[in-house]
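1. Got a predicted structure plus its sequence, pasted below:
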Amino acid sequence: MKSKIQSFPKNNYTKMFKKYLLLFVIAIFAMSCSKKVEVKGKIAGSSPLERIEFVEASGVATLPLANFGIDKDGNFTGTFEAPKNGMYVINYAGKQNLIFLKGGQKLNISGNSATFPNEYVVTGDAKNDNDFFQACQKFLTNYGQTLNIQQLASGDENTYVKAMQKIEADVNKNIDENVKKFNPGNEVVEWKKTDAKVAILNLLVNYEMTKKQMSGNNPSFKLAKVFTDYETKLQENKEKMIKTSPFYRQYLLMKMSPDFQTFAQSKTQGKANANITTSELFNEFLKGKKEVSQTEKDYLLAFVMAQSDVHPQTPPATTDKIKKIIEEDIKDATIKADLKKMLFVINGFKIGDDAPEASLVKQDGSAYKLSENKGKPYMIVFYASWNPYIAEGTVPVLKEVVNFYKSKMNFVFVNLDDTKDQFIKTSNALLKGIPGTNVYGEGGLNSDIAKKYGVYGFKLPSFVVVDKNGKVASRSFVNLGDQDLVTILDKQTGLKAPQVNPQAQLQLDPSALEQQAAPQVEKVPVEAK
């Protein structure tokens, strides 16, 4: 008797085999290309109010990819999409460090709140890469203490180059030793070797600037060939370096700084155009640099924009200029998208846009729609229990604002805690006695409403005003005492507010996004004097 398989017609069996083989290949391909990182961890001695964030470190305008709550025992868990294999920033309690991650990894991170994230232990898929990385970093810390850069810089260029070459050789020797010891992947090894080159390039440019100043900024100042040859050799993979290293962008900006200062002065000196932005000047400056690749221009322009002209206090007219530069002069699609997203997160919707609906629930579990307010202006207040100083800094002012405007407008308090239970506890405790509608965005910072309104942990609490027709009437504010916000509330209600406490909860520092994207990069002196 033939088996069932044998009794199948041959052509059908072949088709089925190919079909399931194809499904198997697709499944394997999907698994291998997954960008999701699964992370668990424990930070001994941590406070439940603390959060842990992960940010992609090599971008120009990156936003946090994940923001995890920490329970009373110091545990946290979650997943996030890693856009690329490489370095990520861990943010915790105002401190930052780097960790090397790859898409598809599962890992566990542990540490002590007193030293985390400066010190941490990784187990799981990312162990070898990060044991290697931390060993290299520890060597650099100890090695750096043996160097007297100031003394080295006092010598001539030949001597200084030889010293830098010795540093490079010592660092690479340590890297090779750690490769044998920890067996890391090729990507993290390549990153570390590039990082060593970039560090030396920054030492070289600082030497160059010092020598130029000592010459009295003589226009004829020129470095020796041995110096420039070594500098060129360190940049053999320039295009990749600028994509992966914020430190390398810093180096390039330092190299351009003197020329840019001269250019900016020629464009602004004795002219009435005081409203020209650093981004506009730098963009025009780059257009004249034929030797600079488009990739370099995109990364450097984005870097400067993020540092100088993209922040909550940026006037709408300036924001419009930035949007135009992004649209017309940034060619890289990823950089363009990142900058646009950052602008939206900081400034919010365009005035007059429809305020989008989002999934919201009340304490009793019933659904709530923002459009229920139509016919009356309203303010959306985003908040969470773990937001520092919200009880002391924001709620007292919020009470004053609500009590003054409540006859003419509604207030919707959107909680973004991690769980509905915490929402109920928080809203009952923090907002007791304040008139308004208490609702929850399920999933907290991963909720539908947080994504649609561009709300991140660094942006809490935040406030958006919507008019009686359901149109956005204000940019996104992080300061309840901002005079612009008070003016908008007056306009929407027809009331005239008393003086509001100007110190009410302002949390978002103008440079916060760029620092998260590249915490090891200091501000670069490219602004026009």
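-> Okay, I see it.
2. now for the longest helix along the chain, which elements pack on it?
-> Secondary structure of the chain read by DSSP state H shows that its longest helix is helix 186-214. In terms of contacts (3 or more C-beta pairs under 8 Å, 6 or more residues apart in numbering; DSSP states H and E), helix 186-214 is packed against strand 86-92, strand 95-101, helix 127-144, helix 149-153, helix 157-182, helix 225-233, helix 238-244, helix 246-268. C-beta: built from backbone N, CA, C; applies to glycine.
3. ok, the longest strand that the chain contains: who's next to it in the sheet?
-> Secondary structure of the chain per DSSP state E: the longest strand is strand 36-44. Take DSSP bridges as the rule and strand 36-44 pairs in its sheet with strand 75-81 (antiparallel), strand 106-112 (parallel).
4. Tell me which of those strands sits most buried.
-> Of the strands paired with strand 36-44, the one with the most neighbours on average (mean count of other C-beta atoms under 10 Å) is strand 106-112, at a mean of 18.
5. burial count for the residue lying closest to residue 199 once chain neighbours are set aside?
-> Leaving aside its chain neighbours, residue 199 sits nearest to residue 247 (6.9 Å; criterion: C-beta to C-beta, 6 or more residues apart in numbering). For residue 247, the count of nearby residues is 19 (other C-beta atoms under 10 Å).
6. Could you report the pLDDT at residue 247?
-> We note a pLDDT of 94 for residue 247 in this prediction.
7. wait, what's in contact with the closest residue to residue 472 other than its chain neighbours?
-> Nearest residue to residue 472, sequence neighbours excluded (C-beta to C-beta, 6+ apart): residue 349, at 4.2 Å. Residue 349 makes contact with 355, 464, 472, 475-476, according to C-beta atoms under 8 Å, 6 or more residues apart in numbering.
8. And for residue 217?
-> Going by C-beta under 8 Å, 6+ apart, residue 217 touches residue 258.
9. mean pLDDT for the helices and strands packed on helix 186-214: which is lowest?
-> Ranked by mean pLDDT, those bottom out at helix 149-153, with a mean of 89.
10. helices and strands around it, which ones?
-> On a contact count with 3+ C-beta pairs under 8 Å, 6+ apart, helix 149-153 meets helix 157-182, helix 186-214.
11. Reformat those into CSV and put distance to residue 117 and mean neighbour count next to each item.
-> Listed next are the helices and strands packed on helix 149-153 as CSV, based on distance: least, C-beta to C-beta, whole Å; neighbours: other C-beta atoms under 10 Å:
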stretch, distance to residue 117, mean neighbour count
helix 157-182, 19, 16
helix 186-214, 17, 18
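12. Including distance to residue 329, could the ones you listed go into TSV?
-> Formatted as TSV, the helices and strands packed on helix 149-153 follow (distance: least, C-beta to C-beta, whole Å):
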stretch	distance to residue 329
helix 157-182	35
helix 186-214	25
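13. Compare these and give me the one nearest residue 443.
-> Comparison of these against residue 443 by C-beta to C-beta identifies helix 186-214 as nearest, at 31.9 Å.
14. Measure how that closest one sits relative to helix 225-233, angle-wise.
-> 150 degrees (axes from the mean of the first three to the mean of the last three C-alpha atoms, to 10 degrees).
15. Now the longest helix of the chain: average pLDDT?
-> The predicted model gives helix 186-214 an average pLDDT of 95.
16. Compute the inter-axis angle for it and helix 246-268.
-> Taking the same axes, to 10 degrees, one finds helix 186-214 and helix 246-268 inclined to each other by 40 degrees.
17. do you know which of the helices and strands packed on helix 149-153 lies nearest residue 63?
-> Each of the helices and strands packed on helix 149-153 has some distance to residue 63 by C-beta to C-beta; the shortest is helix 186-214, at 21.9 Å.
18. From the chain's centroid, how far away is that closest one?
-> 23 Å (C-alpha atoms, centre = their mean, to the nearest Å).
19. Stretch 380-387 now?
-> From the chain centre to the centre of stretch 380-387 is a distance of 20 Å (C-alpha atoms, centre = their mean).
20. before we move on, what about stretch 375-386?
-> Taking C-alpha atoms, centre = their mean, the mean C-alpha location of stretch 375-386 is offset from the chain mean by 25 Å.
21. Give me the below-cutoff pLDDT ranges for the chain.
-> The chain contains residues with pLDDT under 70 at 1-34, 270-274, 499-529.
22. can you rerun that using 50?
-> Residues of the chain that meet the criterion pLDDT under 50 lie in 1-32, 500, 504-529.
23. could I get the helices and strands packed on helix 186-214 as JSON lines with distance to residue 418?
-> Conversion of the helices and strands packed on helix 186-214 to JSON lines gives the following (distance: least, C-beta to C-beta, whole Å):
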{"stretch": "strand 86-92", "distance to residue 418": "16"}
{"stretch": "strand 95-101", "distance to residue 418": "22"}
{"stretch": "helix 127-144", "distance to residue 418": "26"}
{"stretch": "helix 149-153", "distance to residue 418": "46"}
{"stretch": "helix 157-182", "distance to residue 418": "35"}
{"stretch": "helix 225-233", "distance to residue 418": "49"}
{"stretch": "helix 238-244", "distance to residue 418": "33"}
{"stretch": "helix 246-268", "distance to residue 418": "31"}
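24. now, of the ones you listed, which is deepest in the fold?
-> Comparing these by mean neighbour count (mean count of other C-beta under 10 Å), strand 86-92 ranks first with a mean of 22.
25. Which other helices and strands does it contact?
-> When contacts are defined as 3+ C-beta pairs under 8 Å, 6+ apart, strand 86-92 sits against strand 51-56, strand 95-101, helix 186-214, helix 512-517.
26. next one: it to chain centre, how far?
-> Centroid separation for strand 86-92 versus its chain: 10 Å, with C-alpha atoms, centre = their mean.
27. export it as PDB, just CAs?
-> Written as PDB, here are the backbone C-alpha positions of strand 86-92 (Å, rounded to 0.1, in the frame of the first residue of the first chain):
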ATOM      1  CA  GLY A  86      25.900  50.000  16.000                       C
ATOM      2  CA  MET A  87      26.200  52.200  19.000                       C
ATOM      3  CA  TYR A  88      23.200  53.200  21.100                       C
ATOM      4  CA  VAL A  89      23.000  55.600  24.000                       C
ATOM      5  CA  ILE A  90      21.600  54.400  27.400                       C
ATOM      6  CA  ASN A  91      20.000  57.300  29.300                       C
ATOM      7  CA  TYR A  92      19.300  56.900  33.000                       C
END
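28. Relative to that strand, what are the paired strands and their orientations?
-> Applying DSSP bridges, one finds strand 86-92 paired with strand 51-56 (antiparallel), strand 95-101 (antiparallel).
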